[in-house]
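Visitor: okay, predicted coordinates and the sequence, questions at the end:
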Amino acid sequence: MNVMTQMLLSKRFFGCKDAGPQQSAEFLHITHQVFWLLGLFNIADYLPFLRWFDLQGYERLMRQVQKQMDVFHSNILQEHRLEHEARGDRPRDKPEDFVDILLSLRGNDGKEHLDDVEMKALIQDMIAAAIDTSSVTSEWAMSEMMKNPQILRRAQEEVDRVVGADRCVEESDLMHLSFLRSIVKETFRLHPPGPFLITHEATKDTEVAGYHIPQKTQLFVNTYALGRSHDIWSERTDEFWPDRWMDNQQEKVEIRDEKLRIIPFSVGRRRCPGAPLGQCMVLLALATLIHAFDWSLPPPLQPHELSMEESFGLTLPRAHPLVGIAMPRLPNIQQAYSSQQD
Ligand code: HEM
């Protein structure tokens, strides 16, 4: 899922000049560590006086990761400032990215409105929220398709029908890929990237479904359990079955579930502001991967033997990275296999 990280780091979002495979792999590794650390049970959270002893060594590890992150963010800011300086008053020849906008914000004194720490925190927030969630979802969707080759074939047939064999997948194709959209929706049901969403705190005493929730209670929403509940999903509960979302005969399968049986992006005021972009990135990455390549598992591994073990953290990645063999299937489109696409 390095490609997705590269996509986000470069292009219009963070505009990293050197967002190559190595930089993206490095960054993805750091991001995975952040999410793993965020999801750990740290005894000092519950017995604060133990914090000074750092019994589990997590605080030391957090400081290390934080340093690596800081270098990464400093480079992003530095690259942008140098580019602004070099350009001077000349008009820009490419659209502004997220970091350009942060840098352009001015306070009353005409200086940069945000200091470096604030900008780095915002960049980190956006990158972390966007990358791990999207790459984890895509990896699970690919895993499910490789475990169920008939589903993969059906999804490929759909992409072939909509896109053809003479061009690459485009964003405008995504709304016509109902089966692929159902695959993503089913992936969210069984493998929600945020198994407990993000902790929320009750701002006042309240009551939910007959339960009294005192002010300041830390609340988790167990979306993992929602997706696997036999009360909610009476039919083929534990099976990856995208067709459950196809029977409404709608032209476009909406990934948002109106009945809130799956809430991968949460709901309400604090729901994910990047949901449309996240869905688009996941769909585009998957459609491109299955359109451009045939996929198989490394022999002698058979599809039914593929491990679906999870690693619990703030997000829910695979315990072992997915390894697949890709065979090109679009001989006429050189662009599909070039890393220089724009
Ligand atoms: C498959 C992709 C994604 C999933 C499943 C996802 C899911 C979530 C979830 C569950 C939350 C927590 C909501 C809550 O507090 O209850 C969240 C928050 C957030 N997400 Fe996403 N997200 C995805 C992609 C993105 C992308 C692409 C961006 C930005 C470009 C993004 C930006 C954010 C931000 C900034 C927050 C914090 C919002 C706040 O606290 O007010 N997300 N996301």
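Guide: Received, thanks.

Visitor: tell me which parts of this structure are close to the ligand?
Guide: Within the chain, the residues that sit near the ligand (Cβ under 6 Å from any ligand atom) are 125-126, 129-130, 133-134, 137, 193-194, 197-198, 264-266, 270-274, 277-278, 282. Backbone N, C-alpha and C define where each C-beta goes, glycine included.

Visitor: can you do 8 Å?
Guide: Applying Cβ under 8 Å from any ligand atom, one finds that the chain approaches the ligand through 8, 13, 125-126, 129-131, 133-134, 136-137, 188, 192-194, 197-198, 200, 221, 223, 263-275, 277-279, 281-282.

Visitor: what about burial for these, which qualify?
Guide: When those are checked for burial by 16 or more other Cβ atoms under 10 Å, the buried set is 8, 13, 126, 129-131, 133-134, 136-137, 188, 192-194, 197, 221, 223, 263-266, 272, 274, 278-279, 281-282.

Visitor: out of these, which sit inside helices?
Guide: 8, 126, 129-131, 133-134, 136-137, 188, 223, 278-279, 281-282 (DSSP state H).

Visitor: now, the most widely separated pair of the residues you listed?
Guide: 8 and 223 (23.3 Å; Cβ to Cβ).

Visitor: domain map for the chain?
Guide: According to automatic domain parsing, the chain is divided into the following domains: 1-114, 132-342.

Visitor: state the distance from residue 307 to the ligand.
Guide: Residue 307 sits 22 Å away from the ligand, going by Cβ to the nearest ligand atom, to the nearest Å.

Visitor: surely that residue is in a helix?
Guide: No - looking at residue 307 with DSSP: H, G, I helix; E, B strand; the rest coil, it is coil, so not inside a helix.

Visitor: now for it, how many residues are close by?
Guide: Residue neighbour count, defined by other Cβ atoms under 10 Å, stands at 12 for residue 307.

Visitor: weakest of the domains of the chain by average pLDDT?
Guide: Sorting the domains of the chain by mean pLDDT places domain 1-114 lowest, at a mean of 79.

Visitor: quick one, helices of the stretch 51-200 of the chain?
Guide: For the stretch 51-200 of the chain, the helices defined by DSSP state H, counting those that start in this stretch cover 58-87, 98-104, 116-147, 149-163, 178-190.

Visitor: okay, those, which one's buried deepest?
Guide: Stretch with highest mean neighbour count among the helices of the stretch 51-200 of the chain: helix 178-190 (a mean of 23; mean count of other Cβ atoms under 10 Å).

Visitor: which helices and strands sit right next to it?
Guide: helix 116-147, helix 149-163, helix 223-227, helix 275-292 (3 or more Cβ pairs under 8 Å, 6 or more residues apart in numbering; DSSP states H and E).

Visitor: can you list contacts of it?
Guide: Here helix 178-190 makes contact (Cβ atoms under 8 Å, 6 or more residues apart in numbering) with 137, 140-141, 144-145, 151, 154-155, 158-159, 174, 227-228, 233, 240-246, 250-255, 257, 261-262, 264, 279, 282-283, 286-287, 290.

Visitor: how far off centre is the helix or strand just after that helix?
Guide: Using DSSP states H and E, the helix or strand that follows helix 178-190 towards the C-terminus is strand 200-201. Distance of strand 200-201 from the chain centroid (Cα atoms, centre = their mean, to the nearest Å) equals 22 Å.

Visitor: for strand 200-201, which helices and strands make contact with it?
Guide: Counting by 3+ Cβ pairs under 8 Å, 6+ apart, the packing neighbours recorded for strand 200-201 are strand 218-219.

Visitor: returning to that earlier point: got the helices and strands packed on helix 178-190 as TSV, with distance to residue 183 columns?
Guide: Below are these laid out as TSV (distance: least, Cβ to Cβ, whole Å):
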stretch	distance to residue 183
helix 116-147	6
helix 149-163	6
helix 223-227	15
helix 275-292	7
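
Visitor: for the ones you listed, which one sits closest to residue 86?
Guide: Of those, nearest to residue 86 by Cβ to Cβ is helix 116-147, at 19.7 Å.

Visitor: and the closest one, what does it pack onto?
Guide: Using 3+ Cβ pairs under 8 Å, 6+ apart: helix 116-147 touches helix 2-9, helix 21-38, helix 58-87, helix 98-104, helix 149-163, helix 178-190, helix 275-292, strand 293-296.

Visitor: report the angle between that helix and helix 58-87.
Guide: Inter-element angle recorded for helix 116-147 and helix 58-87: 110 degrees (by axes from the mean of the first three to the mean of the last three Cα atoms, to 10 degrees).

Visitor: with just CA atoms, put stretch 281-295 into CSV.
Guide: Output of stretch 281-295 as CSV, limited to C-alpha atoms (Å, rounded to 0.1, in the frame of the first residue of the first chain):
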residue,chain,number,x,y,z
MET,A,281,-8.7,6.8,-2.8
VAL,A,282,-9.5,3.3,-1.7
LEU,A,283,-11.8,2.7,-4.7
LEU,A,284,-9.4,4.2,-7.2
ALA,A,285,-6.4,2.2,-5.8
LEU,A,286,-8.4,-1.1,-5.8
ALA,A,287,-9.9,-0.5,-9.2
THR,A,288,-6.5,0.3,-10.7
LEU,A,289,-4.8,-2.7,-9.0
ILE,A,290,-7.4,-5.3,-10.2
HIS,A,291,-7.7,-3.6,-13.7
ALA,A,292,-4.0,-3.5,-14.4
PHE,A,293,-3.0,-6.9,-12.8
ASP,A,294,-4.1,-10.4,-12.2
TRP,A,295,-3.4,-11.4,-8.6
